[in-house]
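Peer 1: I would like to see how this sequence folds:
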Amino acid sequence: MNSFSKYHDPAADEQASLWAAKLDGSVMSATDRLLLDEWLTGHPAHRALLSRYCQFSADLEQQMPLIEGIKELSVETQETPATAQPLPWLRWPMMAGVALTTAAAVAGVFWLVQPRQQFENIATPAAQRQSLTLADGTHVELNAQSSLQIAIDAHGRHVRLASGEAFFAVHKDASRPFTVETPTGSVRVTGTKFNVRTDRDGVLEVTVVEGSVQAQPGDSADHPVAPVSLGANDTLLARPGRSTRHQLSAADLDDALAWRQGQIVFKDVPLREVLARFARYHGRGITATPDIAETKVGARFSLDDLDGFFDGLEAALPAVKVTRNPNGTVQVGKRAGL
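Peer 2: The predicted structure is shown next:
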């Protein structure tokens with residue numbers, strides 16, 4: 001198990017990964033700098049967490065000059081075969097002849113370059129989804145407020161979903177299993193289609209569309225948890241200390257993946273959980289008062305239309321009143337007099 005496998009504070013781990021992605025991929029605004037300084041001073045462990053993620057990115061970045069150098073040598077060798085020289089570790093005995101030496105160098109270069117490598121951190125902002133194709137041909141769709149670290153080379157394919165939700169259509173490669181790690185467990189495959197969701201409450205949700213996967217929920221404090229094999233239409237919901245597995249109908253599977261089309265479907269879900277999903281997607285504080293938090297909700301909503309969601313909530317539940325506060329937070333409670 002690698003250095004990403006143990007995290008004691010999923011919320012801090014998630015935030016550290018998002019800060020590292022910002023530092024690596026964009027220009028920080030003055031406001032961002034102030035927020036980062038505030039977060040770093042919030043707990044002694046925060047600086048170490050951020051340093052670990054930044055070091056991960058820096059270590060991978062060091063690989064890029066070698067990769068680029070190999071590609072340049074490959075081009076030069078093809079253009080001037082009479083004078084090209086092999087890499088030092090690819091030298092053949094002189095008796096093999098200049099032609100054989102040059103051919104060996106070119107073959108060695110292409111062997112080193114393939115398969116393609118990728119080392120990258122990607123984070124999606126609030127209320128925005130993103131699709132991308134990895135170097136190995138795997139297609140990934142990221143939900144909003146999700147953070148992904150990618151490490152693909154000739155020896156393995158590893159990604160870490162530090163937070164959020166992602167759908168993977170994994171390119172088949174039996175020699176290099178594809179592993180998705182999260183703060184709450186991991187998933188291992190060679191080629192399949194599946195969805196993974198993790199959150200700061202220790203939830204790991206894995207839904208398989210095609211093929212099979214082996215899901216490994218995180219160990220509980222009392223005893224290790226055995227891996228779970230999942231096939232097409234299977235879903236696993238693992239929480240600290242317990243997990244459930246069941247098979248979905250075709251309609252239920254479509255509902256579970258509705259976020260890919262900007263929709264979300266709830267069936268008898270407590271209002272507090274519904275609000276938490278919207279709060280995470282939009283990066284806003286949205287809470288329910290205790291007297292109404294367990295009210296069950298069943299409906300399909302547009303993830304991107306927050307005002308439409310609140311209007312639909314009040315229309316479907318006449319006892320509910322949505323209060324928008326000046327600071328941007330929202331509280332959902334019982335309507336006065338009910």
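
Peer 1: buried set for stretch 135-151?
Peer 2: Of the residues in stretch 135-151, those with enough neighbours to count as buried (16 or more other CB atoms under 10 Å) are 135-136, 138, 140-151. Using the backbone N, CA and C atoms, a C-beta is placed for each residue, glycine as well.

Peer 1: Just those residues: which are in helices?
Peer 2: Judged by DSSP state H, the buried residues of stretch 135-151 include no members of helices.

Peer 1: Can you tell me which of these is nearest residue 284?
Peer 2: The shortest separation between residue 284 and any of these is 10.6 Å, and it belongs to residue 145 (by CB to CB).

Peer 1: roughly how far apart are the closest one and residue 210?
Peer 2: Separation of residue 145 from residue 210 (CB to CB, to the nearest Å) stands at 26 Å.

Peer 1: Check residue 128 too.
Peer 2: To residue 210, residue 128 is 27 Å away according to CB to CB.

Peer 1: And residue 159, which helix or strand is it part of?
Peer 2: Here residue 159, judged by DSSP states H and E, is contained in strand 157-169.

Peer 1: Report the strands that pair with that strand, each with its relative direction.
Peer 2: Strand partners for strand 157-169, identified by DSSP bridges, are recorded as strand 139-142 (antiparallel), strand 147-152 (antiparallel), strand 178-182 (parallel), strand 193-198 (antiparallel).

Peer 1: what does the second one contact?
Peer 2: Spelled out, it's strand 147-152. The list of residues contacting strand 147-152 from outside it, by CB atoms under 8 Å, 6 or more residues apart in numbering, reads 4, 14, 17-18, 21, 53, 56, 60, 115-124, 134-136, 140, 142, 157-164, 166.

Peer 1: at 7 Å instead, please
Peer 2: Contact with strand 147-152 is made by 14, 17-18, 21, 56, 60, 117-123, 134-136, 142, 158-164, 166, as judged by CB atoms under 7 Å, 6 or more residues apart in numbering.

Peer 1: One more: the first one?
Peer 2: The contact list for strand 139-142 (CB under 7 Å, 6+ apart) reads 122, 124, 129-134, 148, 164, 166-169, 260.

Peer 1: now that strand: mean pLDDT?
Peer 2: Taken as a whole, strand 139-142 has a mean pLDDT of 97.

Peer 1: Can you check the pLDDT for the closest residue to residue 184 other than its chain neighbours?
Peer 2: Closest residue to residue 184 apart from its sequence neighbours, by CB to CB, 6 or more residues apart in numbering: residue 204 at 4.0 Å. At residue 204, the pLDDT value in this model is 94.

Peer 1: what residues are up against residue 204?
Peer 2: Taking CB under 7 Å, 6+ apart as the contact definition, residue 204 lies against 182, 184-185, 198, 217, 238.

Peer 1: are any of the contacts of strand 139-142 buried, and which?
Peer 2: In terms of neighbour count (16+ other CB under 10 Å), the buried residues within those are 122, 124, 129-130, 134, 148, 164, 166-169.

Peer 1: I'd like those as TSV, with distance to residue 317 and pLDDT appended.
Peer 2: Compiled in TSV, the buried ones among the contacts of strand 139-142 are given as follows (distance: CB to CB, whole Å; pLDDT from 0 to 100):
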residue	distance to residue 317	pLDDT
122	37	94
124	30	95
129	28	96
130	33	96
134	42	96
148	36	96
164	28	95
166	31	98
167	31	98
168	36	98
169	37	97
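
Peer 1: With distance to residue 231 as extra columns, can I get the residues you listed in CSV?
Peer 2: As requested, the buried ones among the contacts of strand 139-142 are exported to CSV (distance: CB to CB, whole Å):
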residue, distance to residue 231
122, 29
124, 29
129, 27
130, 28
134, 24
148, 25
164, 25
166, 20
167, 17
168, 16
169, 16
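
Peer 1: Return the closest of those residues with respect to residue 296.
Peer 2: residue 164 (25.3 Å).

Peer 1: quick one: the closest residue in space to the closest one that isn't next to it in sequence and residue 51, what's the gap?
Peer 2: For residue 164, the nearest residue in space outside its immediate sequence neighbours is residue 146; the separation is 2.5 Å by CB to CB, 6+ apart. Summarising the geometry, the distance separating residue 146 from residue 51, computed by CB to CB, is 22 Å.

Peer 1: quick one: the nearest residue to residue 259 once chain neighbours are set aside from residue 217, how far?
Peer 2: If you skip the residues right next to it in sequence, residue 259 has residue 143 as its closest partner in space, 5.5 Å away by CB to CB, 6+ apart. Residue 143 sits at a distance of 20 Å from residue 217 (criterion: CB to CB).
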